[in-house]
Every structure is written in structure tokens, then in C-alpha cells.
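Visitor: Dropping a prediction and its sequence here:
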Amino acid sequence: MSPGSGTTGRTCMLWRVRLHSAFHTILACTVIYLTTLYAPETLKQLVAHPAYSYLTTILIVSADATLGDALKGFWHALYACVQVLSLSILSLQLIGPALFTSHVIAALAVAVSAFVVALPEVTNLMCKRIAFGQIVIVYVGIAIHSSTAQADHDQDDMVLMHPIQVASSTMLGALASVLAMLFPNLVFYHEDSFLAMLSPHLGYHQVGQMCRKYTDNARKRLSLYLEAVVSQDSLAALDTISEAQNMTIVGEKLLHSIKQKQEALVWERPEIRILKPSCIDLEKKLQDIEVPLRGMEVALTCCPSFPVAMIDKVPKDAFTNIKSCIIHKLEQLERISPFYMTKNKGNSLDWSFWTLETLRHEDLSAFFFLDCLKLLQENTEAIEECKKDTEIKSFSGSQNQSNSSIIRCRSTLEHMIPSKASLLFAFKCSFSLGLAVLFGLIYNEKEAYWAGLTTAISFVTGRQATFTLANARAQSTAMGSIYGILCCFVFQKFEDISFLPLIPWLIFTSFLRHSRMYGQAGGISAAVGALLILGRKNYGHPIDFAIARITEAVIGLICFFTIEILSCQLRAAPLVKLELSHCLGALQECIKDIVLFDNNQSNLQASILPALKQKQDNLKSHLDQFEKFVVEAELEPNFWFIPFNSACYRKLLRSVLKMADLSLFMSNKVQSLSLALKRFEVAAEYLQSHIKGMKNDLDLFKNIVCSSLQCLQELSSKKSLAVHDKHDMELGALHEEDDECSILSSFLQHSNYVSDGIDSGEGEKDEKLKSQVVLCLGGLGFCITSLLREVQEMEKEFQELAKWENPSSHVVV
């Protein structure tokens, strides 16, 4: 297939996905349009706020939603309605609508209600956003209409009917989203499955499709890796590795998409939470395939030359056999996905690899490649079809489910207690919404809704690129409003079909949501901006309404932006440096716990391994946060600060990610080696000195790496890397290339003595076990030399960063 045809295929696929998303948005908006304009008068009076129906729909279906996402959004909308109805009716009964003629009282009511809604940490962000919008509409509506409601019975009706109308409008938008997702896929579904074409837009089909794409991606990468490792031409091998690296990026994106869509499966198939608890976390289980593939890529990129001398000793049929076994299991996974489970893993190694015994420095990358290939084979052989756990293990399954239910209940109760972060978020929402409503009422009482609504949909838990998102929302609101005004002018004599121009605009915004410039925030604002003008009646002249709405939206954005800046005391750039320090500290903790255990250290092993798993999870969370801060720092403006050195921090991120992967591989190798050496208890008596020598080499390696990481951590925790303290400058200069070579030479020497001294006996099982020890030792040696080399690269990157911050300084790390 030519490159042009591949590009055309990807373009067609992209258009199909975007049109599919826009089609569901159009369907949902059409339901709202027909209901609010042509429904019976009684129903039209009940859904008196069509603008909020449109806004609720856009919030629910904006991110390529599936039926599960729509059902989840419907539940969040319902929960938000219950919250706001109880709060608003109670407050209006206590205070009375007459007092809401004061703009300050209305703003205070909004602020207090928003604080109550935002405080519980367990409440979903979508639910909070919908509730914030309802609060704004309820109290601003009371403030607008209380001055005109003279009679007491009019005010009493307002206390009940106005919140009910807001809730009904919200639920109309949520119901329209669900109905749109129930519509069959038809021409938009891109698989040859007639049943899938006639079914609703299910996350189950989407996740299954992404799993199949990922397994196909894994098969192709495996073929490319094996083609590269046996290649006799360096140039051809490098081209193959480069092609595989591009496919790795695609595989990581697929895993990220699978992780995002997993929750929708539980809403579409609630029984899987009970019947198949071990089959839910797909992304985590697919990491069993991704991690060995990533290790094979690392090994190939570190190969000094091609062809690889050690690989030539292995019969070519051995790689063919392993490849066929792995691909067969991946094809099985493709058939049974998205639900599958893994059984206990065995030790699989083809007999053709049993002759690899001598460890040499130049062969370490090949040993690591074979070890990762073995791990991939073991992980794929463990795949089997997911069954009903309750039917297989009724008692233990119910016991595990009850334990997990207790854990979930305990976690929920803990989240009911406000944390510092939830209190900060609640105060931020309260002040932002209160100020937006206050200034919106002062500027234009009739259109004051839009200041508060713009603020309500802007909140996120945690940090965000405030400047960029505010700019995207402002521009997109203006674009949508101007488009709506132009369409109103063109179709002013055909008011009944004024909704038709929304179809191309909603298609355009579905692409806009995935653009780098505008993103989700800009796409939603652009869609809402046009919907509120073209999808309404009796809002007055469209130009006046558009100008008032844009002005109110800017007021809301200014209030949101101001409170966001005041509540975030640090910019993203210094937080990147701080999070880098945390990553280096967490990496040190992981490396310190890599221990080669003796036969008599079972208790120590049982205590260290669970703690090491927790530390690895902690490192992963810090790395995710570090990457998030880097992205945010790239988006924020510099003003009078030093420009953010994106290129240098991206290099540091890649280095830390690689070191994290290597430390994970190293801990797995050490654990496997400890288990394998236990099988040779008699022979191990004669090898204690060499095993002890290997332990000493590991300890020396850990001391060198952790000392350097400690130095880098101290430098990254400073406000500026351009320090002049001699102690800081010399603290990290603890190892040179000679130290690396001496550690590795000593480790390989002890390893060869251990592998040669192991009595494998005459049995095939013992021979296989001995080859496993050799592969573990080779993989461990590769991890040692790669980590030492990566630390040196990181020190150079720190020097580059220090020169960037202060060109006149001279920092030696």
C-alpha cells in the first residue's frame, strides 16, 4: 500500500468519527428544538429554559460520548436537579423572593449554594457543572422576575415553579442526549458487522474496536522488532525500528482512549461490576502486552550495531515459533475483547535459547530483548476468555465482592470529609459564580444569566491553563454568536427552518473540539454560541441579544480568570520544577527497594514487594502530574517571567520516563532471579561468594544512582538551577564512565560464575530454569548500564537548563 493511500484511509476514518459525533449532537439538539418550539403548551411552559437544555446536551455529548456516557450524564443531571431543587426551594422559602430584588442578595445566594454543591469531593465534576448552571438560572431568574411579581400568590408560584422549570429543562437536555445515543449507528460505524450497525452507539463496541486495533498494533510492532533484531543490514534495521516507534505512539493513544471509555461499559452493562470483576480494568491488563513491547524497543535502540552477534547463534525458526505463538494469542484476544482475564503465568522459553550462557557487555541489549520477548510470551499465554467468577468461585467471589464493597464504602465516607483541595475548589467556585452574577446583574439584569453560565461550565478539579482556555472560550463564543446572527439575517423570512444552518456549524465544532488551538472548551463555547441564537424564539433582536451575551460572557470569564489566578499562587513553570523534584525523589525510593533476596529472606521479601508496588504507583502518579504541568506551562504566556524551556523539560520528561521503565524492568528481573535461584539450593551453597558479590555490585550501583538523583533533586527544588554553591556543584559528580565500566564488569564476572556454577542436572526442567537465570542476569546487566547512562544524560540536561536560566553561571553537576 502506498503512503498516499494510508493517509487517505486515516483521513476518511477521521471524518467518519467526527461526523458520527456531530450526528449525535445534531439529533439531540433536534429533539430539544422540536420539543421547545412545537410541543403542547403545557410541556413548553414546563421546559421554559431551552438554552439550558442545549447547554446540558452539549456538556454530555461533547467528548465523543457513547450510550454509557449519556446514561452517566443523565444520572449526574438528575442528581444535580435533586440538589438544586432542595437548596433553592428551601432558601427561597426562608428568605422570600422579594429580597432578591437586591443584586447582592442574589449573588450571595448563588455563592452559598455553589459552595454547598462544590464541597463534597465524591460528587462528579459533570454533576457540579450542571448544578452550578441551574443555581445561576434559578437565582438570577428570581432576581429578574421578583420585581414584576406584585401579588403574593405570584411570588409563591415562583418559589416552586421556577426551580421546577429549570430542573425540567435540564432533564430534557439529558433525555435528548440518551435518545440520540439510542439511534442506530448505520453508515457511521466502520466495521463489517450488521448487528453493530443496527445497535445504539455503545461504548462496548467502541472499546472492543479499540482493543482490536491495539492488538493489531501490537502484532505489527512485534513483527517489526523481530525483523529488526535478525536484520543483517544496519540501515534496514534502523528504518524498521523507526517505523515501530511511530506505531508505539499510536498504541499509547489507543491505550489512553481505552482508559477513558472504560467507565462507560459499567453504565451500559451494570452486570459486569458483579459478574466479571476481574475483567473490567482493560487498560491495566493491556499493559502486560505494552510493557514488554516497550522494553524490546528500548533494547533495539541501544544495540551498538546490526547484525547482532549473539542473535545469530539462535536458530531463525526459534523466533518464528515464538512469533506465531504470540500472534495466535493476540488473535484470540482480538476475538474475545473487550472482556478477558489472565490466568497464572508460567515460565515459557523455547529450547533454542538454552545454549545462551556467557554474558558479555556487547550482548546485554540482546539478552534484554530476549527476556522481554519471553515476558511477552508468558503474558499472552495467560490470556483466556472471561467467565462468570460467581459461577466458578461462588463463595470466594462473594467474599471478595463484599470486601471490595466495604473498601468502596470506606473510601466514600473518607471523601465525605472535606479536604484542603475540596475546600479550595468550593471557595473558588463560590467566589467566581457570586462575582459573575453580581457584575452581570449590574451590567444588564435581563441577560445576566450568561455571565454566570459561562463561569459555571469553566470549572475543573485541579489546575488548568487558565489564560489559554479563557482565550479559547471568548473567541469561540464570539464566533458562534456572529455565525448565529448571520444565519438569522439570511433566514429572517424562514424562521421555521432557521435551525437548519446549525447542522454544518455543529459538524464544524466537532472538528474544533479536537483542535490544538481551541480544544474542548472552545468547541463547546462555539456550539453553544450559535445554538442560543438559532435555536430560540422571543429573545429579542438577535444582534442585541448576541452583543449582550458576548459582553456577559466576557464578564464571567474575567471573574473566573481573576479568582483562578488569585487561588493559584504559583504558575505552571515553577510547579514543573517542583514536580520534577518529586519524580526524582519517588524514583530514588523505587531504586532503593530493588533487592536480591536470599533463600532465608522470605519474610523481608514479603514486606518489601508490596511497598515497592505502592512506590511504583506513586512514581507513575508523579510522572503523570509532571507531564500535565509541562503541557500547561507550554500554554501559559510568559509575561515578564523567564520563557519556559519546553525542549529541555521535554528531554527531562523522556529521561525520567525511561528511568521509571528501566527501574520497573529491573525490579521484575531481580524478583524473577531471586525465585529462580531458590530452585538451586544445593548448588547455591558453593556460589554464595559470587551471589554476595552480585549483591554488593547492586548496592554500589544503587548508591551511585541514588546519590546523583539526590543531587539533581536538590537542584530542581531550588528557585534557580544556576547555583554557585560548591557543595551543590560537586555533590552529583560521583561517577564517571570508569565507575560504570567497573560496576558492570564486576557484575558480569560474578554473573558468569553463578551461571556456570549452577548444576542444571539432566532434566529438561532444570535446563530451562538455568536458561531463565542467564536471561534474568543479562536483562539485569542491561538495566544497570542503561540507568547509569541515563543518569549521566539527565545531568547534562540539567546543565543545559542551568545555562538557559543564567547564561553567565557555570554549574558542574
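Guide: Nice, I can see it. Numbers count the residues shown, from 1 in each chain.
Visitor: going forward, measure contacts and count neighbours with C-alpha atoms only.
Guide: OK.
Visitor: tell me the contacts of the residue nearest the centre of the chain?
Guide: Nearest to the mean C-alpha position of the chain, by Cα atoms, centre = their mean, lies residue 256 at 5.9 Å. Contact partners of residue 256, counting by Cα atoms under 8 Å, 6 or more residues apart in numbering, are residue 283.
Visitor: That one looks like it's in a strand, true?
Guide: No. Checked against DSSP: H, G, I helix; E, B strand; the rest coil, residue 256 lies outside a strand; its state is helix.
Visitor: And it, how far from residue 145?
Guide: Here residue 256 is placed at a distance of 48 Å from residue 145 (Cα to Cα, to the nearest Å).
Visitor: ok, and for stretch 41-53, which residues are buried?
Guide: Within stretch 41-53, the residues that count as buried by 16 or more other Cα atoms under 10 Å are 44, 46-53.
Visitor: cool, stretch 575-592 as well?
Guide: 575-591.
Visitor: For the helix or strand hosting residue 742, name the packing helices and strands.
Guide: Secondary structure assigned from DSSP states H and E places residue 742 in helix 737-757. Secondary-structure packing of helix 737-757 (3 or more Cα pairs under 8 Å, 6 or more residues apart in numbering; DSSP states H and E): helix 688-716, helix 764-805.
Visitor: Could you dump the ones you listed into TSV with mean pLDDT added?
Guide: Shown next, in TSV, are the helices and strands packed on helix 737-757 (pLDDT from 0 to 100):
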stretch	mean pLDDT
helix 688-716	85
helix 764-805	81
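Visitor: Comparing the ones you listed, which stretch has the densest surroundings?
Guide: helix 764-805 (a mean of 21; mean count of other Cα atoms under 10 Å).
Visitor: just the angle between that one and helix 737-757, please?
Guide: Helix 764-805 and helix 737-757 meet at an angle of 170 degrees, taking axes from the mean of the first three to the mean of the last three Cα atoms, to 10 degrees as the criterion.
Visitor: helices and strands around helix 764-805, which ones?
Guide: By 3+ Cα pairs under 8 Å, 6+ apart, helix 764-805 packs against helix 364-381, helix 646-678, helix 688-716, helix 737-757.
Visitor: Surely residue 514 touches residue 521?
Guide: No. Look at residue 514 against residue 521 with Cα atoms under 8 Å: they stay out of range, at 10.0 Å.
Visitor: quick one: the helices in the stretch 51-200 of the chain?
Guide: 67-95, 103-118, 125-145, 152-182, 194-198 (DSSP state H, counting those that start in this stretch).
Visitor: Select from these the stretch with the lowest mean pLDDT.
Guide: Here the lowest mean pLDDT among the helices of the stretch 51-200 of the chain goes to helix 194-198, at a mean of 62.
Visitor: Which elements pack onto the next helix or strand after that helix?
Guide: Later in the chain than helix 194-198, the nearest helix or strand by DSSP H and E is helix 203-229. Applying 3+ Cα pairs under 8 Å, 6+ apart, we find helix 203-229 packed against helix 67-95, helix 234-268, helix 282-301, helix 316-336.
Visitor: Residue 692 is nearest to which of those helices?
Guide: Comparison of the helices and strands packed on helix 203-229 against residue 692 by Cα to Cα identifies helix 282-301 as nearest, at 27.5 Å.
Visitor: ok, residue 244 - contacts?
Guide: Taking Cα under 8 Å, 6+ apart, one finds 221, 224-225 in contact with residue 244.
Visitor: sorry, back to before: deepest-packed of the helices of the stretch 51-200 of the chain, please.
Guide: Greatest burial across those, using mean count of other Cα under 10 Å, falls to helix 125-145, with a mean of 25.
Visitor: Ranking helices and strands of the chain by mean pLDDT, which lands last?
Guide: Lowest by mean pLDDT, DSSP states H and E among the helices and strands of the chain is helix 389-392, with a mean of 39.
Visitor: what about residue 331, distance to residue 212?
Guide: 9 Å.
Visitor: Counting neighbours, go ahead and name the busier of these two.
Guide: More crowded of residue 331 and residue 212, by other Cα atoms under 10 Å: residue 212, with 20 against 16.
Visitor: Nearest spatial neighbour of that one, chain-adjacent residues omitted?
Guide: In space, and not counting its chain neighbours, residue 212 is closest to residue 334: 4.9 Å by Cα to Cα, 6 or more residues apart in numbering.
Visitor: and what of residue 309?
Guide: residue 363 (7.7 Å).
Visitor: Could you tell me the model confidence score at the one you found?
Guide: pLDDT, residue 363: 80.
Visitor: do the one 5 residues further on as well
Guide: Note on residue 368: pLDDT of 88.
Visitor: got a list of what it touches?
Guide: By Cα under 8 Å, 6+ apart, the neighbours of residue 368 are 295-296, 299, 775, 778-780, 782.
Visitor: Next: residue 81.
Guide: With Cα under 8 Å, 6+ apart, residue 81 has these contacts: 131, 134, 167, 170.
Visitor: between these, which is nearest residue 423?
Guide: residue 131 (17.5 Å).
Visitor: so residue 72 makes contact with residue 265?
Guide: No. Checked against Cα under 8 Å, the pair residue 72 and residue 265 is beyond contact range at 10.4 Å.
Visitor: hey, which of the helices and strands packed on helix 764-805 is tucked in deepest?
Guide: helix 364-381 (a mean of 24).
Visitor: from what I can see residue 310 touches residue 366, true?
Guide: Yes. At 7.0 Å, residue 310 counts as touching residue 366 under the criterion of Cα under 8 Å.
Visitor: tell me, how many neighbours does residue 639 end up with?
Guide: That count, for residue 639 with other Cα under 10 Å as the rule, works out to 7.
Visitor: quick one: secondary structure of it?
Guide: Per three-state DSSP, residue 639 ends up coil.
Visitor: Now for residue 460: which residues touch it?
Guide: residue 125.
Visitor: Please read off the pLDDT at it from the model.
Guide: We have a pLDDT of 77 for residue 460.
Visitor: next one: phi and psi at it?
Guide: For residue 460, the backbone dihedrals (degrees, to the nearest 10) come out as phi -140, psi 150.
Visitor: Give me the distance between it and residue 702.
Guide: Distance from residue 460 to residue 702, by Cα to Cα: 40 Å.
Visitor: With residue 51 instead?
Guide: Residue 51 is 61 Å from residue 702, by Cα to Cα.
Visitor: and what of residue 107?
Guide: 59 Å.
Visitor: same thing with residue 111?
Guide: 54 Å.
Visitor: returning to that earlier point: nearest to residue 546 among the contacts of residue 368?
Guide: Once Cα to Cα is applied, the member of the contacts of residue 368 that ends up nearest residue 546 is residue 295, at 55.8 Å.
Visitor: Alright, that wraps it up for me.
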